[in-house]
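Visitor: Just a sequence and a predicted model for now, questions to come.
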Amino acid sequence: MNRYTKNKIVFWLFVAPALIAFIVVVIIPFFMGIYYSMTDWSAIAGEETTFIGLANYKEMFSDVAFRYSFLRTFLFTLFSVISVNIVSLMLALLVTRESKFRNIFRAGFFVPNLIGGLVLGYIWQFIFKSIVPSMGTVFNIPALENLLILAEPNLTLLGVIMAFTWQYAGYIMMIYVAALMNVPQDLVEASQIDGANFWNRLRNIIVPMIAPAFTVTTFLTLVNSFKQFDIIIALTSGGPATLYGDQVVNSTELLAVHIYNVAFTYNRMAEGQARAIIFFLVLSIVSLAQVYYNKKKEVEM
Amino acid sequence: MATENSTAVKDFKDYKQATPTKKKVVKVVLFIITFIMFLLTMFPFFIVIINSAKSSLEIITEPILMPENWGNLIKNVVEIWNKPSLRYPSSVLTSVIITVISLLTISLFSSMAAWVLVRTKTKTSTFIFMLFIIGLIIPFQVVMFPLVALFRNIYLATGIKMLRTYYGMIFAYIGFGTPLSVFLFHGFIKSVPMALEEAATIDGCSKPRVFFNMIVPVLKPIFVTVLILNGIWIWNDFLLPSLILGVGQEIQTIPLAIRAFAGSFVKKWDLIMTTVLMAAIPVIIGFLFGQKHIIKGMVAGTIK
């Protein structure tokens, strides 16, 4: 055997295990999914699957529940990105100051990130249902006592944003911390001597210097809030129900949950798959646009 | 010119004079803010701990007070541990088995693939790498239904049971875990100089031996990153195992057990809180031991 063929064999032997698993688990199902989205697939063994073109896609856009879910997902994503980034940047600025407890603080803020979304959802369900009203009783605040966060559509969405921020801010904080450590100290000191106050310094020195980190953190929070599933399943199960137009819809049934419900709860597999394809397309376009926009900003700064 | 200069001097004096006391006040205020944020972050954990030590009556009447009897905590833990509907001990074992084997296979297979992909400069090699990159942007939701169908079809065609088995679950994790891992290893190996490998090859060392004896030790830092990123994901993952293993089936991981237990329970919050506590403790202990590596590894994994 010559060296060329030998190298070729080694190449395929080394690539094969990862590649085969990846192709079977991701690539083949991806193409199957595109096909299924254009059929009346029911996933029931023995049942014929017929090609029906774009009917599932047409049906989806006339479905009020889907349009509503889209709207709520955008709303959730927008506020989560803002909330996570503000909180985490603030934490990062606080924990990069000289302090004996700096490392303890950093670790503490990071810990919620280790808790899975499902477990976290149950913790926050308990807080919203039991702890908040009970605090109202103990401190004698009637408004808090009667506050049923998980019964009002917008408050519930806010609750999910809070839970997500609690989980994710510490992680994003660490990325900001890494970026802040690279801001040259003499630049900061020079601005202090020139009499720049904190806000000036933040706007004119720190934010431009950590612009590349913004691209990463915005991308991560955007993608992860858009795909949110675990927290919602445990915290709200998509509820509470509300009226949209004249139709009953679930106020926190965001897209990932909606896709799951259409397919499994209502047993409309092919329709669920078509929605998943749209979900993928929208997520790709939005996240690519965000990265493109941020990269352009980075250069301008 | 002169006036500008004098204001600058004055500013500098202000800065110098203002520093000692003003700086101290600022420092204390910021410390207090940080501390309050820290307490807020810890609050949910505090709630879980105090409520794990309550009776089912106590948790309804006074959820934010300290428990009457901390001994209840042990009682609740024992109850959870022995509950046949939860199967806690076997769920921990299942989670450990699936996480450990998935981590070992993902990191081994991905590093092997990444190494030959970096060192082989052919069109096939570039194409395969691009395929992995595409895998990074495909969200799980697009492939989950067809994946279950495919696994079922594999069983019908070959008799290999991919659903509700350990190896089916681990195989799925390898498939989903490799794109990011290959990408991370690829980026790292690119910066490893080739000179040593070439010398060893000329000396007659076989390629696999070069990889396992010379490359693997060099890759240690990136192995840590890959293990931590995948480890936290797999340990906490819910949706994928709920599809492959099923909720309430024979093989269940901790998140599946919690779902089966907390999802069906009618507000038995004292026991749910104890379960949550028992699920979180192994991860938090692990974090306290490897804190430095974990934070560094997770941040390194995203920035690249």
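Guide: Looks like it arrived, so ask away.
Visitor: Can you report phi and psi for A:T236?
Guide: phi -130, psi -10 (degrees, to the nearest 10).
Visitor: State the distance from it to A:P153.
Guide: Distance of A:T236 to A:P153, given as C-beta to C-beta, to the nearest Å: 10 Å. Where C-beta positions appear, they are placed from N, C-alpha and C, glycine not excepted.
Visitor: likewise A:I28?
Guide: 39 Å.
Visitor: How about B:G204?
Guide: B:G204 is 71 Å from A:P153, by C-beta to C-beta.
Visitor: how about the nearest residue to the spatially most central residue of chain B, chain neighbours excluded?
Guide: The residue lying closest to the centre of chain B (C-alpha atoms, centre = their mean) is B:I232, at 1.6 Å. Nearest non-adjacent residue to B:I232, counting by C-beta to C-beta, 6 or more residues apart in numbering or on different chains: A:L114, 6.3 Å away.
Visitor: Where in chain A is the helix or strand with the lowest mean pLDDT?
Guide: helix A:185-193 (a mean of 81; mean pLDDT, DSSP states H and E).
Visitor: buried residues in that one?
Guide: For helix A:185-193, the neighbour count (16 or more other C-beta atoms under 10 Å in any protein chain shown) marks A:S191 as buried.
Visitor: same thing with stretch B:202-220?
Guide: Neighbour count says stretch B:202-220 has B:K207, B:V210, B:F211, B:I215, B:V216, B:L219 buried, by 16+ other C-beta under 10 Å.
Visitor: Could you list the low-confidence segments of the chain?
Guide: Using chain A. A:1, A:301 (pLDDT under 70).
Visitor: let's do chain B instead
Guide: For chain B (pLDDT under 70), the answer is B:1-19, B:264-266, B:301-304.
Visitor: what's the domain layout of it?
Guide: B:2-78, B:83-264 (automatic domain parsing).
Visitor: what's the burial count for A:V282?
Guide: Counted with other C-beta atoms under 10 Å in any protein chain shown, residues neighbouring A:V282 total 15.
Visitor: name the element it belongs to?
Guide: For A:V282, the host element (DSSP states H and E) is helix A:269-300.
Visitor: now check that helix, is it near chain B?
Guide: Yes: interface with chain B: helix A:269-300 contributes A:M269, A:G272, A:Q273, A:A276, A:I277, A:F279, A:F280, A:L283, A:S284, A:S287 (C-beta under 8 Å from any C-beta of the partner chain).
Visitor: can you check stretch A:9-27 too?
Guide: Yes: residues of stretch A:9-27 contacting chain B under C-beta under 8 Å from any C-beta: A:10-11, A:14-15, A:17-19, A:21-27.
Visitor: Can you give the distance of that stretch from its chain's centre?
Guide: In this view, stretch A:9-27 has its centroid 29 Å away from the chain centroid, taken as C-alpha atoms, centre = their mean, to the nearest Å.
Visitor: Flag every buried residue along that stretch.
Guide: A:10-11, A:14-15, A:17-19, A:21-27.
Visitor: how about the one residue in the stretch 201-304 of chain B that gets nearest to chain A, what does it touch?
Guide: The minimum distance from the stretch 201-304 of chain B to chain A, using C-beta to the nearest C-beta, falls at B:N236 (2.8 Å). Neighbouring residues of B:N236 by C-beta atoms under 8 Å, 6 or more residues apart in numbering or on different chains: A:L114, A:I115, A:G116, A:G117, A:L118, A:V119, B:P255, B:V283.
Visitor: Swap in 7 Å and give it another go.
Guide: Contact analysis of B:N236 by C-beta atoms under 7 Å, 6 or more residues apart in numbering or on different chains lists A:G116, B:P255.
Visitor: just B:S55 next, same as before
Guide: B:S55 neighbours (C-beta under 7 Å, 6+ apart): B:N72, B:D270.
Visitor: So what does A:A241 look like in phi/psi?
Guide: According to degrees, to the nearest 10, A:A241 has phi -70, psi 150.
Visitor: got it, and A:Q247?
Guide: phi -120, psi 140.
Visitor: cool, A:G53 as well?
Guide: phi 70, psi -140.
Visitor: Tabulate the buried residues of stretch A:9-27 in CSV, adding columns for distance to B:H293 and secondary structure.
Guide: Shown next, in CSV, are the buried residues of stretch A:9-27 (distance: C-beta to C-beta, whole Å; DSSP: H, G, I helix; E, B strand; the rest coil):
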residue, distance to B:H293, secondary structure
A:V10, 32, helix
A:F11, 32, helix
A:F14, 27, helix
A:V15, 29, helix
A:P17, 26, helix
A:A18, 24, helix
A:L19, 29, helix
A:A21, 27, helix
A:F22, 27, helix
A:I23, 32, helix
A:V24, 32, helix
A:V25, 28, helix
A:V26, 29, helix
A:I27, 33, helix
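Visitor: now, which of those sits nearest B:F185?
Guide: Closest approach to B:F185 among these (C-beta to C-beta): A:A18, at 9.9 Å.
Visitor: thought that closest one was touching B:F183?
Guide: No: using C-beta atoms under 7 Å, A:A18 is not in contact with B:F183, being 11.5 Å away.
Visitor: between the residues of stretch A:9-27 next to chain B, which is nearest chain B?
Guide: Closest to chain B, out of all of those and judged by C-beta to the nearest C-beta, is A:V25, at 2.4 Å.
Visitor: B:I170 is in contact with the closest one, correct?
Guide: No: using C-beta under 7 Å, A:V25 is not in contact with B:I170, being 10.9 Å away.
Visitor: Dump the buried residues of stretch A:9-27 into JSON lines; add distance to A:K296 as well.
Guide: Putting the buried residues of stretch A:9-27 into JSON lines (distance: C-beta to C-beta, whole Å) gives the following:
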{"residue": "A:V10", "distance to A:K296": "43"}
{"residue": "A:F11", "distance to A:K296": "39"}
{"residue": "A:F14", "distance to A:K296": "39"}
{"residue": "A:V15", "distance to A:K296": "36"}
{"residue": "A:P17", "distance to A:K296": "40"}
{"residue": "A:A18", "distance to A:K296": "35"}
{"residue": "A:L19", "distance to A:K296": "35"}
{"residue": "A:A21", "distance to A:K296": "37"}
{"residue": "A:F22", "distance to A:K296": "33"}
{"residue": "A:I23", "distance to A:K296": "35"}
{"residue": "A:V24", "distance to A:K296": "39"}
{"residue": "A:V25", "distance to A:K296": "36"}
{"residue": "A:V26", "distance to A:K296": "31"}
{"residue": "A:I27", "distance to A:K296": "32"}
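Visitor: Neighbours of the nearest residue to B:G263 once chain neighbours are set aside, how many?
Guide: Take B:G263 and drop its neighbours on the chain: the residue closest to it by C-beta to C-beta, 6+ apart is B:V247, 7.5 Å away. B:V247 has 17 neighbouring residues, counting by other C-beta under 10 Å.
Visitor: What of B:T120?
Guide: 18.
Visitor: show me what contacts it?
Guide: Counted by C-beta under 7 Å, 6+ apart, B:T120 has contacts A:F11.
Visitor: State the phi and psi torsions of it.
Guide: Torsion angles, degrees, to the nearest 10, at B:T120: phi -110, psi 120.
Visitor: A:T39 now?
Guide: Dihedral angles for A:T39 - degrees, to the nearest 10 - are phi -130, psi -180.
Visitor: Good, wrapping up.
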